[in-house]
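Undergrad: What would the 3D arrangement of this be:
(one chain, ligands or ions: 3)
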Amino acid sequence: MKALTYQGSKRVKVETVPDPVLAADDDILLRVTATAICGSDLHIFRGKIPMVKDGDILGHEFMGVVEDAGRGVTNLRKGDRVVVPFVIACGQCYYCSKSLFAACETTNDGRGAILNKKAATPGAALFGYSHLYGGVPGGQAEFVRVPKANVGPIKVPDGLSDEQVLFLSDILPTGWQAAKNAQLGPGSSVAIFGAGPVGLMSALSARFLGADKIFMVDHHDYRLKFAQEAYGVIPINFDRDEDPAEIILKATQDHGVDATIDAVGFEAKGSAVETTLTTLKMEGSSGKALRQCIAATRRGGVISVPGVYAGFIHGFLFGDAFDKGLIFKMGQTHAQLYMPELLEHIASGKMKPEVIISHRMKLADAERGYQVFNDKEEDCRKVVLTP
Ligand SMILES: NC(=O)c1ccc[n+]([C@@H]2O[C@H](COP(=O)([O-])OP(=O)(O)OC[C@H]3O[C@@H](n4cnc5c(N)ncnc54)[C@H](O)[C@@H]3O)[C@@H](O)[C@H]2O)c1
Ligand SMILES: [Zn+2]
Ligand SMILES: [Zn+2]
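TA: Ligands and ions are numbered 1, 2, ... in the order given. The predicted structure follows:
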């Protein structure tokens, strides 16, 4: 089959690899009909995620048709159309029984990303996301093996197109969890840092939950403009306005917003010094976006972080966070928990996540898809690939 593989920093290529086969009783084999490139894939593409090997198949946002199912698969059969969550969870362990699917203790035989190994077991395995997260081949391919098929994949009603439901695999639940973690409700004010796909799905979710004022910070005007038109955000371009938090404070009688959402993560564009330290790995993550979030949030407010972070951050004003009595909520998305409810909102026409798609390509052109999405060319917001 054809699949998109990692070939070292800034190099991916579509090549012919062996077809996957069923390996456990509760596996399914999926014929992929649509798959997307995630901002998380860009961290890998830029060579920033350890333990990715040349030849690894990437991709964790995908859907398709069941080709074959193991004997232990109870709720799916050949021919079913499903969307697969990016998190692989057993559904039975200590964490799964608390619906903390991204913390599943049984699916990841890799090292995990946590530095203090005594502090926790590795979280769940993820599709196509390095050997830290289990080394499971991803879905930017013609076929993919899906482990734990009784827990993850969700059946899609016939009337819905692939594009309408594809983002249930990751970014829609991720934006939704970010908005829920931010405790947004009718009348809330929120500032979303990052106008990429995750920031946009956070804005969609914020609107859905009744948020009133939504600020959005980025430095790509085309992304901010889209968010303004689609979700009525108040755009702030940090190339022009160097201190977005100050603008947000001024607009909220110096209180700050009820919540901020950091949909940027550890590669946040910061000062030259901070970027250099992060590149040299003397700093785990750039703290630029997170510092702005602390400054822009009102006392007693919430900072919700869907953006991915790694290791330590210097200059993290924890004292300010304490003084303001802030709440922090973050982490990988417990996708399985939210998929059924979000599918209903799509089916009833209340959520249209597909409007953010800007690029449709064949899987064979995935290499160009990575380059365009990474370099923010052609006003790229989100790339969907079809085999
Ligand atoms: N928690 C999860 O389970 C989960 C799931 C999916 C994605 N993610 C993470 O979410 C983050 C965003 O993903 P995406 O697909 O939207 O990626 P993206 O790269 O398309 O978007 C990130 C945006 O942040 C902007 N940005 C950079 N520095 C900034 C700064 N200092 N302030 C404000 N904006 C800044 C960029 O210009 C870009 O538009 C990534 O870190 C990704 O790994 C997490
Ligand atoms: Zn993702
Ligand atoms: Zn589990």
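
Undergrad: okay, now the domains of the chain?
TA: Domain assignment for the chain by automatic domain parsing gives 2-170+333-386, 172-330.

Undergrad: Which one, of those, ends up nearest to ligand 3?
TA: Closest to ligand 3 of the domains of the chain is domain 2-170+333-386 (CB to the ion; 3.2 Å). No exception for glycine: its C-beta is placed from N, CA and C like everyone else's.

Undergrad: Let me know whether the closest one sits next to ligand 3.
TA: Yes: against ligand 3, domain 2-170+333-386 shows contacts by CB under 5 Å from the ion at A89, C90, C93, C96, C104, T106.

Undergrad: centre of the chain versus that domain, how much separation?
TA: Here the centre of domain 2-170+333-386 is set off from its chain's centre by 10 Å, with CA atoms, centre = their mean, to the nearest Å.

Undergrad: Count the neighbours of L342 for me.
TA: 23 (other CB atoms under 10 Å).

Undergrad: Enumerate every residue touching it.
TA: Counting by CB atoms under 8 Å, 6 or more residues apart in numbering, L342 makes contact with L168, L172, P173, W176, M351.

Undergrad: check which helix or strand covers it.
TA: helix 335-347 (DSSP states H and E).

Undergrad: how far away is F373 from L115?
TA: Using CB to CB, to the nearest Å, F373 is found at 29 Å from L115.

Undergrad: who's more crowded, the two?
TA: Counting neighbours by other CB under 10 Å for F373 and for L115 shows that F373 has the greater number, 25 against 10.

Undergrad: Do you know the pLDDT at that one?
TA: Per-residue pLDDT puts F373 at 98.

Undergrad: Pretty sure it sits against D379.
TA: No: F373 is not in contact with D379 according to CB atoms under 8 Å; the separation is 11.1 Å.

Undergrad: Next to ligand 1, which bits of this protein? Give me the list.
TA: Neighbours of ligand 1 within the chain, by CB under 6 Å from any ligand atom: 38-40, 42-43, 170-171, 174, 193-199, 217-220, 223, 238, 263-265, 268-269, 288-289, 306-308, 332-333.

Undergrad: buried subset of the residues you listed?
TA: Buried residues within the residues of the chain next to ligand 1, counting neighbours by 16 or more other CB atoms under 10 Å: 38-40, 42-43, 170-171, 174, 193-199, 217-220, 223, 238, 263-265, 268, 288-289, 306-308, 332-333.

Undergrad: buried stuff in stretch 270-279?
TA: G270, E274, T275, L277, T278.

Undergrad: can you list those in a markdown table and add secondary structure, distance to ligand 2 and pLDDT?
TA: Shown next, in a markdown table, are these (DSSP: H, G, I helix; E, B strand; the rest coil; distance: CB to the ion, whole Å; pLDDT from 0 to 100):
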| residue | secondary structure | distance to ligand 2 | pLDDT |
| --- | --- | --- | --- |
| G270 | coil | 22 | 84 |
| E274 | helix | 24 | 78 |
| T275 | helix | 23 | 78 |
| L277 | helix | 26 | 79 |
| T278 | helix | 20 | 77 |
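
Undergrad: Pull the most distant pair out of those.
TA: By the measure CB to CB, G270 and L277 form the most distant pair in the buried residues of stretch 270-279, at 9.3 Å.

Undergrad: quick one on the thing from earlier: looking at the residues of domain 2-170+333-386 next to ligand 3, which one is closest to G369?
TA: Nearest member of the residues of domain 2-170+333-386 next to ligand 3 to G369, counting by CB to CB, is A89, at 28.1 Å.

Undergrad: could you dump the contacts of L342 to CSV with neighbour count and secondary structure?
TA: Shown next, in CSV, are those (neighbours: other CB atoms under 10 Å; DSSP: H, G, I helix; E, B strand; the rest coil):
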residue, neighbour count, secondary structure
L168, 27, helix
L172, 31, helix
P173, 27, helix
W176, 29, helix
M351, 23, coil
